[in-house]
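Enquirer: with the input below, show me the fold.
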Amino acid sequence: MNAPAPVQDQSARDVARYQASRRVMPALAEGLSAEDLQAQSMPDCSPGKWHLAHTTWFYEALILCRDPDYRPFDPVWFTLFNSYYDGVGERIARDRRSLITRPSLDDVMAYRREIDRRMVERLRAGLTDGEGRYLFVLGLNHEQQHQELFLMDLLNLMSCSPLDPVAYDREPGWRSDPAARGGWEAFDGGLVTLGHDGAGFAFDNEGPSHSVHLQPFQLARDLVTNGQWLEFMADGGYRRPELWLSDGWATARSEGWQAPLYWQSDDAGWTVMTLTGRQPVDPETPVCHISLYEADAFARWSGARLPTEAEWEHAARTRPEAFTALDGQVWQHTASAYAPYPGFRTTPGVAAEYNGKFMANQGVLRGSCFATPPDHRRLTYRNFYYPHQRWAFAGLRLARDADPQPGAGMPVDDETAQFRADLVEGLSQPQKSLSPKWLYDAEGSRLFEDITRLPEYYPTRQETALLRDMAPDIARFMGENAVLVEFGSGASEKTRIVLDHATDLATYMPIDISTDALDAATDRIREAYPDLEVSPVAGDFLDLPPLPELGKGPRTGFFPGSTIGNLTNALAIHFLTSAHERLGPGSHFILGVDLVKPADLLVAAYDDAQGVTAAFNLNLLERANRELGADFDLDSFQHRAVWNANRSRMEMHLVSTRDQLVTLDNTRFRFVEGETLHTESSRKFTRETIVELVEKAGWRLVEWRESSAPGVALALLQG
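Expert: Residues are numbered from 1 along each chain as shown. Model (predicted):
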């Protein structure tokens, strides 16, 4: 009887996976000389030729040799290319690998080809036993680890040459840095789950899954950048022993550390060696090639600390959308020692030596780096290095303890915790500031609706008229059976204009951070449009998870009110890019923008004669007092609106009218007379600046319509 089709299919998939994995490292070696692949720059690194041979040895020693009748390619090579598997046999000391000049590079490549042939033959015969299948998948992941190590070791070798050689035209796997979000993400702590749960492949050190109790904490949304590291250096970071662990300070002194590995300074400034040669240090790029000692010193200098691996994994597991570069940029140092999880057991057999024997004197790194193959990245991955090692593609993300909260032990919702974290962060800056999203609690939303009806506040009036004029065109633009997703929906008043004309609309999804405003608006919309499916989402539209599947028709994003102007340029690009990803291919977007106009019209719109905007702004302080237990004296702050011509934006500030101290959670924040808390910016645009903005986020402008003066515009975008 023929073998069942599923076995044949599995064999074919195994062969395809194996061959795809094995093609990568020879491709990385292509274009490098035999000398490049023979040299060894330091004991921690291995020659490229050795990586090519060792990954081949792994399959021969751990899989092919399981067959008792197997005849090795060359028994001597079992010693030459063994790494640390004492149970397999003898090995060459790691620091002597470059002395293995024979076999030659050509011989090693022939070895790869022959073992590949034998492995494909073995896989086609079917690999069905549990141990054999585990070792095969382990071999694939082992190969991927060495693809990353190949690049790490090659860069270290290139850095030793005074010629600053270029290894590649572009760094393999590198992707551009995501737009920074800024600030901290707050977590309540409690009992959380850590570790791999057994589904799918993981290294043995990633499990078993177990419970860990966390105290409330905060995790930085972004990685530490080169620019921040330059500030640390300028402030004497490498010269101040009080910032360093004792062993770290001794190492930094003995090694002469003055900057991250591969950095050099000359009259033109700082440069860094990369796989594409020596390049200027980019202040916006995540810092890389730092040791655990350096990461810990920087964290202490910042008034923060390194996260534990449990904190990192809990944050990444529960709220990944809140962070930039959790993976794919640089590995992230943690404060956790590399130790076994409760209940850890090494893998039986030879693979027992893979991880467990190294669980001493090393630190855990989480995430992944640009050189980590994408399908090798996992939430539970535990990388590990000694605290002095710097040649890994490693950086850091800061953490800190949660601020003391009144009523300890009482439950605090995530929104309140985030408001607290953002306010503390904002009051700690040289220019005190806070995101405008915190203006919109229930009272703030009500006051803003009052603002929209003021005679000075033209944006709502002008945009409403423009929407009425364009509504039939917008309905056709959205298409039949469409889903309308409104970001920051508020009272959803303008949405009614679209809904009245879009009779074929299938679903309306309002998204707003204020649950009170969202619930009230949803009830009104459902009452007015009983046949329309309304699916509200409570949350920050800047940090949205994937949207649920709703309807069969095209999706259209709706972002009226010129709210795009409240975001920094980087955040606006991030939001529009995220919206493009969430809405999906072929989606549409309706974007409302305010246009540049005379300053007197703008200032009047943001500082009305009746004082409604002032009350709206001051309500932020009242909210902080009510929800966070702060003690802002509202009589000692005044609303101020100014036109910042250099940045083409209106700014709202709360000005301290006297020297004063504000207390929040037993921390005092000083205001001097005239100092301001910057609460909102509203950028004004031209058609040209909008086109530049949306194209960076992957959208294309298909129609532009302006109102009569004072001018606002609606931009219809295509994904």
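Enquirer: could I get the buried residue list for stretch 640-660?
Expert: Across stretch 640-660, burial judged by 16 or more other CB atoms under 10 Å covers 640, 641, 642, 643, 649, 650, 651, 652, 653, 654, 656, 660. Where you see a C-beta, it was placed from the backbone N, CA and C, and this is true even at glycine.
Enquirer: shouldn't residue 265 be within a helix?
Expert: No. With the criterion set as DSSP: H, G, I helix; E, B strand; the rest coil, the secondary structure at residue 265 is strand rather than a helix.
Enquirer: that older thread, can you lay out the buried residues of stretch 640-660 as CSV showing distance to residue 205?
Expert: Rendered in CSV, the data for the buried residues of stretch 640-660 read as follows (distance: CB to CB, whole Å):
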residue, distance to residue 205
640, 56
641, 57
642, 56
643, 58
649, 50
650, 54
651, 51
652, 51
653, 52
654, 51
656, 53
660, 53
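Enquirer: just the ones of these in strands?
Expert: The strands, defined by DSSP state E, take in 640, 641, 642, 643, 649, 650, 651, 652, 653, 654, 656, 660 from the buried residues of stretch 640-660.
Enquirer: pLDDT score for the fourth one?
Expert: Spelled out, it's residue 643. Residue-level confidence at residue 643 comes out at 96, pLDDT.
Enquirer: mind listing what it touches?
Expert: Contacts for residue 643 were tallied using CB atoms under 8 Å, 6 or more residues apart in numbering; they are 599, 602, 603, 649, 650, 651.
Enquirer: out of these, the closest to residue 20 would be?
Expert: The closest of the contacts of residue 643 to residue 20 turns out to be residue 649 (CB to CB; 49.7 Å).
Enquirer: end-to-end on stretch 317-334?
Expert: As for stretch 317-334, its first-to-last residue distance stands at 16 Å under the measure CA to CA, to the nearest Å.
Enquirer: that older thread, closest one of the contacts of residue 643 to residue 422?
Expert: Ranking the contacts of residue 643 by separation from residue 422, with CB to CB as the measure, puts residue 651 on top at 18.2 Å.
Enquirer: the closest one and residue 179, how far apart?
Expert: Counting by CB to CB, to the nearest Å, the gap from residue 651 to residue 179 is 21 Å.
Enquirer: please apply the same query to residue 652.
Expert: As judged by CB to CB, residue 652 and residue 179 stand 23 Å apart.
Enquirer: got it, and residue 274?
Expert: Counting by CB to CB, the separation of residue 274 from residue 179 is 22 Å.
Enquirer: what does residue 249 give?
Expert: Using CB to CB, one obtains 36 Å as the distance from residue 249 to residue 179.
Enquirer: the two: who's more crowded?
Expert: Between residue 249 and residue 179, residue 179 has the larger neighbour count (other CB atoms under 10 Å), namely 21 against 17.
Enquirer: isn't the more buried one right up against residue 222?
Expert: No. The pair formed by residue 179 and residue 222 falls short of the contact definition of CB atoms under 8 Å, at 9.3 Å.
Enquirer: tell me which of the ones in strands among the buried residues of stretch 640-660 has the lowest pLDDT.
Expert: residue 660 (92).
Enquirer: how about that residue, nearest residue that isn't a chain neighbour?
Expert: Using CB to CB, 6 or more residues apart in numbering and skipping residues adjacent in sequence, the residue nearest residue 660 is residue 671, 5.1 Å away.
Enquirer: who's in contact with residue 596?
Expert: 648, 684, 685, 686.
Enquirer: kindly apply the preceding question to residue 590 instead.
Expert: Residues in contact with residue 590 (CB under 8 Å, 6+ apart) are 474, 477, 498, 556, 557, 558, 559, 560, 714, 715, 716, 717.
Enquirer: next one: residue 159
Expert: By CB under 8 Å, 6+ apart, the contact list for residue 159 reads 41, 261, 262, 273.
Enquirer: count of neighbours near the second one?
Expert: By the other CB under 10 Å criterion, the neighbourhood of residue 261 contains 21 residues.
Enquirer: on the three-state scheme, it is what?
Expert: Under the three-state scheme (three-state DSSP), residue 261 adopts coil.
Enquirer: my read is that it contacts residue 290, right?
Expert: Yes. The pair residue 261 and residue 290 qualifies as a contact (CB under 8 Å) at a distance of 7.4 Å.
Enquirer: any common contacting residues for those two?
Expert: Taking CB under 8 Å, 6+ apart as the contact criterion, the residues that touch both residue 261 and residue 290 are residue 390.
Enquirer: give me the element residue 620 is part of.
Expert: Residue 620 belongs to helix 612-628 when elements are defined using DSSP states H and E.
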